[in-house]
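Test case, fold it:
(2 chains)
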Amino acid sequence: MSMPSLAVIGNRDSVLAFKSVGFVTYPAETREQALAALADAKKQGCAVIYITEKLALALNPELKDLTERTGITVAVIPDNRQRLGIGLKRMKEYVEKAIGVDILFREEGREHETR
Amino acid sequence: MEIRVNATRQELMRLKNRFRMAKRGHKLLKDKRDELMRIFMQLLKDNRQLRQRVEEKLSAAYSSFLVARSTMDPQVLEEALMSPTAKLELKAGTRTIMNAEIPVLEAVQKGNIYSYGLADTSAELDEALANFSALMPDFIKLAEMERTVEVLAGEIEKTRRRVNALEYVLIPELESTVNSIEMRLAEIERSNASRLMKIKDIVRAH
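You can find the predicted model right below:
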């Protein structure tokens, strides 16, 4: 694999369609399978990895570690069964990290001067 | 707290220089933080909209795919999707916002997404795949944006810490040290003057 590519990790039914669009897909149901998929995607040189919400929940520390150390972009997507809103929750975490308080869910907060 | 130094003019000058430098650095960092914050807020807003759109489109695409599956034999479907001919090529670059490196992603889809014979697959499958394919630009944009938010969050945190360290630790420290040295020097000056006066008196008495 020469060019960096995009990978999708998720349950079998969710990733099936992504495959024919051109993604590198890894069907995974359990934490262990997802971990193996993650490792392989890294080895293959995937620059962006999409992972379904349920798996992302199970792999949270590993994903953080991965983005911090390698700069691989990880994005969370819902799977074909339900939307858990994990993506939004991650944004919330970043807001808290940056500003110190959560202002994402308080519409248009004015809290700039925090320390 | 003040820094323990010798109360000399040389030291005073050095400290004053550091003080000026710290002030200037503080102002710059503060500006950087404010600008980063502005970009960050804008980005959050955009990201939220984009995520919503992607998630909606994605769930629509999933359900169209589900329809396609229901109209076809699972075996045939698996086979049809076994060997994709489409390939996503990713151009990954970076750009910098206020010294924070963020990714720029661009994906080019190559090849045909309909990697199967049309005879034994359903029209619904074609449609489902077209849905997925149409999702791609937003999908990639989403990843890029989330990564940007992540990087910016880290950068803002760092900058904020620096600003606070300067504002609440270094600058007051330098200020009070400069003050105390000035006071010591003035004290020495006064004691010198009074000593001279005293000596003058003694000399005159002779």
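
wait, does the helix or strand encompassing residue A:20 contact chain B?
In this structure, residue A:20 sits in helix A:12-21 according to DSSP states H and E. Yes - with C-beta under 8 Å from any C-beta of the partner chain as the measure, helix A:12-21 is seen reaching chain B through A:14, A:16, A:17, A:18, A:19, A:20, A:21. In short, each C-beta sits where N, CA and C put it, glycine included.

So in terms of bridging, what pairs with residue A:9?
For residue A:9, the beta-bridge partners are residue A:26, residue A:51 (DSSP bridges).

Assess the claim that it and residue A:38 are in contact.
Yes - taking contacts as C-beta atoms under 8 Å, residue A:9 lies within contact range of residue A:38: 6.8 Å.

Could you name every residue contacting both of these two?
Here residue A:9 and residue A:38 have A:49, A:51 as joint contacts, going by C-beta atoms under 8 Å, 6 or more residues apart in numbering or on different chains.

so what's residue B:22 up against?
Contacts of residue B:22 by C-beta under 8 Å, 6+ apart are B:166, B:170, B:171, B:174.

what about chain A, any weak spots by pLDDT?
A:1-3, A:103-115 (pLDDT under 70).

how about the residues of it near chain B?
A:3-6, A:14, A:16-23, A:47-48, A:50, A:67, A:71, A:73, A:75, A:77-78, A:80, A:83, A:87-88, A:90-91, A:94-95, A:97-100, A:104, A:112, A:114-115.

By the neighbour-count criterion, which of the residues you listed qualify as buried?
Buried subset of the residues of chain A next to chain B (neighbour count, 16 or more other C-beta atoms under 10 Å in any protein chain shown): A:4-6, A:14, A:16-23, A:47-48, A:50, A:67, A:73, A:75, A:77-78, A:80, A:87-88, A:90-91, A:94-95, A:98-99, A:104.

Count the neighbours of residue B:73 for me.
Neighbourhood size, residue B:73 [other C-beta atoms under 10 Å in any protein chain shown]: 13.

could you check the distance from it over to chain A?
14 Å (C-beta to the nearest C-beta, to the nearest Å).

Can you tell me which of the residues of chain A next to chain B end up in strands?
Mapping the residues of chain A next to chain B onto strands (DSSP state E) picks out A:5, A:6, A:47, A:48, A:50, A:73, A:75, A:77.

Just send these back as JSON lines, with distance to residue B:152 too.
Below are these laid out as JSON lines (distance: C-beta to C-beta, whole Å):
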{"residue": "A:5", "distance to residue B:152": "25"}
{"residue": "A:6", "distance to residue B:152": "22"}
{"residue": "A:47", "distance to residue B:152": "19"}
{"residue": "A:48", "distance to residue B:152": "18"}
{"residue": "A:50", "distance to residue B:152": "21"}
{"residue": "A:73", "distance to residue B:152": "14"}
{"residue": "A:75", "distance to residue B:152": "16"}
{"residue": "A:77", "distance to residue B:152": "21"}
